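[1] Sequence and predicted structure, then a few things I'm wondering about:
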Amino acid sequence: MTQNTTALLTWNGIIEIIRNGNPLPPRRDERSPAEWREVLTPEQFYVTRQKGTEHAFSSAMCAVFEPGRYACACCGTELFDAQTKFDSGSGWPSFTQAIAPGLVNYILDTTHGMQRVETTCAVCDAHLGHVFPDGPAPSGLRYCINALALKKLT
């Protein structure tokens, strides 16, 4: 998937999606937990299929700022472009925008006594991380994504 969008998603747009529902994804990849275990490492399975979180600063991917795309580690759907990646200092790869609408789903997450927005791959439901309204201009978004949920493409 190499499409781009001209519409800039902002925090208000994400809240609107949460209220009205996520757009339909371009396709679906539905596998059983056993099938996912066959293609993922135990660490990737924990993060993407069990909504885990890797330790901050545990991946060298945070410091990679080369051109390319970042795809879902589970289904291979391209989700983020390196042009939107920035150093947030959070310890996880951070982006300001997904490649296109319908690739990332937004889900209200009220676990751990917090209210935040979980991001998942719209194609396979892999847990990616969370999005916050404290990113740089122009979107103001910070997609805080587990490196184990991504694979870097050239």
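    Ah, there it is.
[2] Next up, identify which helix or strand the residue nearest in space to the middle of the chain is on.
    Closest to where the C-alpha atoms of the chain average out (C-alpha atoms, centre = their mean) is residue 128, at 4.1 Å. Secondary-structure assignment from DSSP states H and E places residue 128 in strand 127-132.
[3] next helix or strand past the top helix by length along the chain?
    For the chain, the helix that runs over the most residues, judged by DSSP state H, is helix 11-20. Past helix 11-20, heading to the C-terminal end, the next element that is a helix or strand (DSSP H and E) is helix 33-39.
[4] chain center to that following helix: distance?
    Taking C-alpha atoms, centre = their mean, to the nearest Å, one finds the center of helix 33-39 at 20 Å from the center of the full chain.
[5] ok, and for that helix, which residues are buried?
    For helix 33-39, a neighbour-count test (16 or more other C-beta atoms under 10 Å) marks residue 36 as buried. All C-beta spots, glycine's among them, are computed from the backbone N, C-alpha and C.
[6] tell me what that helix is packed against?
    With contacts defined as 3 or more C-beta pairs under 8 Å, 6 or more residues apart in numbering; DSSP states H and E, the packing partners of helix 33-39 are helix 42-49.
[7] before we move on, back to that, the next helix or strand after the strand holding residue 128 - which strands sit beside it in the sheet, and in what orientation?
    From strand 127-132 onward toward the C-terminus, using DSSP H and E, the following helix or strand is strand 142-145. In the sheet containing strand 142-145, its partner strands are strand 94-95 (antiparallel), strand 127-132 (antiparallel), by DSSP bridges.
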